[in-house]
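Enquirer: This is the structure alone, sequence omitted:
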C-alpha cells in the first residue's frame, strides 16, 4: 500500500538555523502531498499542500517542493524560531481518494 | 470557521471495558476520520466515513467499531480496552472535494487503561 517515510524522528536546532525535514512517499500516480504541524495539547494543523510535480507549497516561512522523480516533499525553513518547536507530519493523499496516509512525525526542538 | 469537538478529553478505562469516544464537527464536511496517535508511530487510520451511515475500515480497525448516524457526528468504540494501553485518538473532517482532502483535526481524546 501507499506509505510516507520521515527519516528524522527528532531534530534539535538553535534559533536562526536552517531546517530540513526529509519526507519520501510511495504511491502511484500524482498523490497530493501535505505538511501538518502539531503543537502540544492540540490536533495537527494543515500547513500547506502540493499536488503536481515541481509545485511548491509554502506557509509561515516553511516550504516544500513536490518532486516526482525522487518521490520527495522535504520541508525547509531558512531561519527557525523557538516558536517553531512542534511535531511536523508529512502526509500523502492515497490513491483511494479519501484516505490520507501520515508519516511517523518529526519532533523539532528549537533552542533559544 | 468551524470547529471539531472531541469528548471526553481524557478517558480512563479498565481492562476489557468497552469505551466510546465522540466527535462533532460544524464545518458541514462530508468525510470524517478517526486516527490513533502513538509516540513514535505517527497517525494511523482506524475508520473513516464519506457520508452519513457510511463506514470504511482503515489500517488499524481491528478492536474498534465506529458509527456515523448524523453528518455532523462520528463516534468510535474501543470494543475491549487493553491493559496499560495509552494513546491519543484524533478525529478529523475534510471537504469532500477531489484532490483536496485537507484535514481539520480536533484536539484529541487521551486514553489510559489501568
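Expert: Perfect, I can see it now. Since the model is a prediction, treat every value here as computed from it, not as a measurement.

Enquirer: C-alpha only now, for contacts and for neighbours.
Expert: Fine.

Enquirer: State the number of residues packed around residue 5.
Expert: Picking chain A for this. 18 (other Cα atoms under 10 Å in any protein chain shown).

Enquirer: switch to chain B, that's the one I care about
Expert: As a burial measure, residue B:5 scores 20 neighbours (other Cα under 10 Å).

Enquirer: And residue A:70, by the same measure?
Expert: For residue A:70, using other Cα under 10 Å, the count is 9.

Enquirer: Phi, psi for it please.
Expert: Backbone torsions of residue A:70, given as degrees, to the nearest 10, read phi -100, psi 10.

Enquirer: Model confidence for the nearest residue to it once chain neighbours are set aside, exactly?
Expert: Among residues not flanking residue A:70 along the chain, residue A:24 sits closest, at 7.8 Å (Cα to Cα, 6 or more residues apart in numbering or on different chains). The model reports residue A:24 with a pLDDT of 98.

Enquirer: again, but for residue B:72
Expert: 96.

Enquirer: which residues does it contact?
Expert: B:24, B:25, B:26, B:28, B:29 (Cα atoms under 8 Å, 6 or more residues apart in numbering or on different chains).

Enquirer: Buried ones from those residues, can you make that a ChimeraX selection?
Expert: Listed next is the ChimeraX selection for buried residues among those, using 16 or more other Cα atoms under 10 Å in any protein chain shown:
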select /B:24,25,29
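
Enquirer: So which of the contacts of residue B:72 belong to strands?
Expert: B:24, B:25 (DSSP state E).

Enquirer: Which single one of the contacts of residue B:72 is nearest to chain A?
Expert: The shortest approach to chain A among those belongs to residue B:29, at 12.6 Å (Cα to the nearest Cα).

Enquirer: helix, strand or coil for the residue of chain A found nearest chain B?
Expert: Relative to chain B, the nearest point of chain A is residue A:104 (3.6 Å; Cα to the nearest Cα). When classified by DSSP: H, G, I helix; E, B strand; the rest coil, residue A:104 comes out as coil.

Enquirer: wait, doesn't it sit right on residue A:10?
Expert: No - applying Cα atoms under 8 Å as the test, residue A:104 and residue A:10 come out as separate, 10.8 Å apart.

Enquirer: Could I get the contacting residues of whatever residue of chain B ends up closest to chain A?
Expert: Residue of chain B nearest chain A, by Cα to the nearest Cα: residue B:42 (3.6 Å). The contact partners of residue B:42, by Cα under 8 Å, 6+ apart, come to A:89, A:102, A:103, A:104, A:105.

Enquirer: Tell me what the first one is bridged to.
Expert: Taking DSSP bridges, one obtains residue A:36 as the residues bridged to residue A:89.

Enquirer: which is the next helix or strand following the worst-scoring helix or strand of chain A on mean pLDDT?
Expert: Least confident helix or strand of chain A, by mean pLDDT, DSSP states H and E, is strand A:100-102 with a mean of 89. Going down the chain from strand A:100-102, the next helix or strand is strand A:106-111, by DSSP states H and E.

Enquirer: quick one: buried residues of that next one?
Expert: Residues A:106, A:107, A:108, A:109, A:110 are the ones in strand A:106-111 that count as buried (16+ other Cα under 10 Å).
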